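predicted model and sequence follow; I will ask about them next.
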Amino acid sequence: MPKLETSQTNIALIGCGFVGDLYAATLRLHPALHVSGIFDRDAERTERFAKHYGYRSYKSLGEVLADDAVKIVVNLTNPSSHYEISRAALAADKHVYSEKPLAMHLEHARQLVALAESRNLQLSSAPCSLLGETAQTFWKAIRESAVGKVRLVYAELDDGLVHKMQYHQWKSQSGTPWPWKDEFEVGCTLEHAGYYLTWLVAMFGQVQSLTAFSSSQIPDKQTESPLNTTAPDFSVACLRFTSGIVARLTCGIIAPHDHTLRVIGDEGVISTPDCWLYESPIHIQRLMTLRRKTFLTPWRQRVRLQRSPYQKVRRTGAAQMDFARGIYEMADALQHGRTPRLSSRFSLHVNEIVLAIQNAGVDSPTYHCTTTVDPVQPEAWAS
């Protein structure tokens, strides 16, 4: 198994809310990442988070940005604050790893990328599940034509009726309640579509155009206090890649839970049940012909996952994702003089696609992408 050789890099966490705990829980898997300190605009939340994890707390964002020891700022703030915080960090000559989305508006995302490039800084955006064992193994199988020439992709990201769940009882490890109001107002497309879009763009290249539909079927989400904005709780998009492959992506919080990815090729289908699980199983079903009919065999061949140098996440649910892996990958890229796999241009392209789907509405024409992305390299251990 390849070894990790990155020396220690100092990082600072901005935002100590619910998602902050998911990062803190997996930062321990990456000893090369040293948390110099944390900051949240809510002083009480900052101190609770600092006490829970034993982190140093900064008194202000300015204090974070003035700390010369900090090389990477990890932006875990509310999505509406992503642009402002990332811009301030880049202006202070800090590399930035941002939670998704990179920005809520495409022009803001473009400005962040331009600023990073003008200052020779790296800028990446979550999600980083592309770096997981399942994604890398799946990608390797595609490169090796495991199911022949790929023609079609079906990707599902449905999470069930979230507004009917006991979400008021959901709390992070440090005691922060799940930010249901923010989640409903931002919407599941901006929050979740990137999980499969990052995989698809890496595997099949940039998206040339897309036709999408989005709708808010339950506008008020039956909450006890009104929502300030209405975001789609269902979206579906048909994507055309420059490679000629087409994909259908659905995203919602109404239909029953389904995170399945199926890639259909001339010789069969390769699939995995969940992109949130870094070691989700991968299966291949081959085509067979019997008399005058051709169909998928009932037998499934399991693909052995590539072994990575990373420690395993010993948790359950969504928290078993290694949220800190993208930060580590950026630190490794900086130390070895290369561009992170989740580069600024890659993140911008994914951001553009997600925003196009989110804003499609019920009567949207075909959208033609304006951003470009260079080919992404797989992890060395999955080559």
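Arrived safely, thanks for sending.

can you spell out which helices and strands pack onto the strand or helix carrying Lys140?
In the assignment (DSSP states H and E), Lys140 maps to helix 133-143. If you count contacts as 3 or more CB pairs under 8 Å, 6 or more residues apart in numbering; DSSP states H and E, helix 133-143 packs onto helix 194-204, strand 261-265, strand 268-272, strand 282-290, strand 301-303. Just so you know, the C-beta spots here come from the backbone N, C-alpha and C atoms, and that holds for glycine as well.

what about the second one, average pLDDT?
In this model, strand 261-265 carries a mean pLDDT of 98.

tilt between the helix holding Lys140 and strand 268-272?
170 degrees (axes from the mean of the first three to the mean of the last three CA atoms, to 10 degrees).

C-terminal to helix 133-143, what's the next element?
Moving toward the C-terminus from helix 133-143, the next element (DSSP H and E) is strand 150-158.

off-centre distance for that following strand?
Centroid separation for strand 150-158 versus its chain: 17 Å, with CA atoms, centre = their mean, to the nearest Å.

still on that earlier bit, and the helices and strands packed on helix 133-143 as TSV, adding mean neighbour count?
Below are the helices and strands packed on helix 133-143 laid out as TSV (neighbours: other CB atoms under 10 Å):
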stretch	mean neighbour count
helix 194-204	24
strand 261-265	21
strand 268-272	20
strand 282-290	15
strand 301-303	13
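
least reliable of these by average pLDDT, please.
strand 282-290 (a mean of 92).

angle of that strand against strand 261-265?
Using the same axes, to 10 degrees: strand 282-290 against strand 261-265 is 40 degrees.

contact partners for Ser145?
265, 267 (CB atoms under 8 Å, 6 or more residues apart in numbering).

closest one to Glu156 among the helices and strands packed on helix 133-143?
strand 261-265 (7.5 Å; CB to CB).

show me what that closest one is packed up against.
Going by 3+ CB pairs under 8 Å, 6+ apart, strand 261-265 lies up against helix 133-143, strand 150-158, strand 268-272.

shouldn't Pro378 be in contact with Phe138?
No: in this structure, Pro378 is not within contact of Phe138 by CB atoms under 8 Å, at 10.5 Å.

those two: which is more packed in?
Phe138 (27 against 19; other CB atoms under 10 Å).

for the helices and strands packed on strand 261-265, give me a markdown table that also has distance to Ala103.
Below are the helices and strands packed on strand 261-265 laid out as a markdown table (distance: least, CB to CB, whole Å):
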| stretch | distance to Ala103 |
| --- | --- |
| helix 133-143 | 24 |
| strand 150-158 | 21 |
| strand 268-272 | 29 |
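
so which of those is nearest Tyr367?
strand 150-158 (17.7 Å).

helix or strand right after the closest one?
Past strand 150-158, the next helix or strand by DSSP H and E is helix 180-186.

buried set for that next one?
For helix 180-186, a neighbour-count test (16 or more other CB atoms under 10 Å) marks 180, 182-186 as buried.

can I see the domain layout of this protein?
9-125, 130-319+344-382 (automatic domain parsing).

about what we covered before: may I see the helices and strands packed on helix 133-143 arranged in JSON lines, with distance to Asp40 as well?
Shown next, in JSON lines, are the helices and strands packed on helix 133-143 (distance: least, CB to CB, whole Å):
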{"stretch": "helix 194-204", "distance to Asp40": "24"}
{"stretch": "strand 261-265", "distance to Asp40": "35"}
{"stretch": "strand 268-272", "distance to Asp40": "35"}
{"stretch": "strand 282-290", "distance to Asp40": "38"}
{"stretch": "strand 301-303", "distance to Asp40": "42"}
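
and the ones you listed: which comes nearest Gly326?
helix 194-204 (9.9 Å).

for whichever helix or strand comes after that closest one, which outside residues touch it?
Going down the chain from helix 194-204, the next helix or strand is strand 207-215, by DSSP H and E. For strand 207-215, the surrounding residues in contact (CB under 8 Å, 6+ apart) are 189, 201, 232-242, 349, 353, 356-362, 364-369.

quick check, central residue of this structure?
Pro127 (1.7 Å; CA atoms, centre = their mean).

so for it, what's the pLDDT?
97.

mind checking how far it is from His163?
23 Å (CB to CB, to the nearest Å).

burial count for Cys369?
18.

I'd guessed it sits against Ile353; true?
Yes: counting by CB under 8 Å, Cys369 touches Ile353, with 6.9 Å between them.

for stretch 185-200, list the C-alpha coordinates in CSV.
Taking Å, rounded to 0.1, in the frame of the first residue of the first chain, the C-alpha atoms of stretch 185-200 are listed here in CSV:
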residue,chain,number,x,y,z
GLU,A,185,-33.6,27.5,2.3
VAL,A,186,-30.4,26.5,0.5
GLY,A,187,-32.0,23.4,-0.9
CYS,A,188,-30.9,19.8,-1.5
THR,A,189,-29.6,20.4,-5.0
LEU,A,190,-26.9,22.9,-3.9
GLU,A,191,-26.2,20.7,-0.8
HIS,A,192,-26.0,17.3,-2.5
ALA,A,193,-25.8,17.3,-6.3
GLY,A,194,-22.1,17.8,-6.2
TYR,A,195,-21.5,14.3,-4.7
TYR,A,196,-22.2,12.6,-8.0
LEU,A,197,-21.4,15.5,-10.3
THR,A,198,-17.7,15.5,-9.1
TRP,A,199,-17.5,11.8,-10.0
LEU,A,200,-19.1,12.2,-13.4
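
lovely, talk soon.
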